[in-house]
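Asker: Predicted model and sequence below, questions to follow.
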Amino acid sequence: MNRPDPRSTFAYPLLDVTRLLRKHFDRRAEPLGLTRAQWRAIKMIHRHEGISQKALAELLEMEPIPVSRVIDRLQQAGFVERRADPQDRRVWRLHTLPRADAVLDDMEVIAAGLRDVALAGISDAELIACLDVLERMKQNLAALDDKTSPKNTATN
């Protein structure tokens with residue numbers, strides 16, 4: 001049996017792995033009562049205490065209104081709080097509350113367990129080679145942004 005051309009099919013396994021990681025993470029995290037979007041938001045706010053909702057939306061690659069809804073739910077549940085920006089009263093700064101710390105720890109345990117399952121039977125050398133290839137792909141694709149940005153197309 002002939003294998004399909006890897007250059008035309010490489011993206012499918014990447015998408016499958018991503019989808020399966022999400023599915024199994026959600027399944028394992030369900031008892032904590034948080035969605036993946038809520039967990040990602042808590043994690044980013046924890047990493048960037050005082051981040052604005054707009055900047056959070058950019059980091060999460062989400063539109064501002066859905067992010068606002070996620071923050072509403074997290075605030076109601078006591079995981080985060082909005083604080084007025086002292087320099088700009090139109091901006092809300094986001095901060096985690098103590099309740100978020102325990103959930104972050106639980107989520108990290110879930111993520112570590114899932115990583116262990118995903119990487120079972122894969123040597124460090126294989127993983128490093130895979131990461132190197134993915135990084136080069138990422139750089140190749142990021143270069144497209146540089147080539148197509150308005151400032152570059154105007155000067156070409």
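Answerer: Looks like it came in fine. Residues are numbered from 1 along each chain as shown.

Asker: Work out the gap between the lengthiest helix in the chain and the centre of the chain.
Answerer: Across the chain, the longest stretch assigned as helix under DSSP state H is helix 124-148. Distance, stretch centre to chain centre, for helix 124-148: 17 Å (C-alpha atoms, centre = their mean, to the nearest Å).

Asker: Least confident secondary structure element in this structure?
Answerer: helix 150-155 (a mean of 54; mean pLDDT, DSSP states H and E).

Asker: what are the ranges of the helices in this protein?
Answerer: Under DSSP H, the chain gives helices at 6-9, 11-29, 36-47, 53-60, 64-76, 98-118, 124-148, 150-155.

Asker: hey, which of the ones you listed is tucked in deepest?
Answerer: helix 36-47 (a mean of 19; mean count of other C-beta atoms under 10 Å). C-beta coordinates here come from the backbone N, C-alpha and C atoms, glycine included.

Asker: And that helix, what does it pack against?
Answerer: The contact analysis (3 or more C-beta pairs under 8 Å, 6 or more residues apart in numbering; DSSP states H and E) places helix 36-47 against helix 11-29, helix 53-60, helix 64-76, strand 80-84, strand 92-96, helix 98-118.
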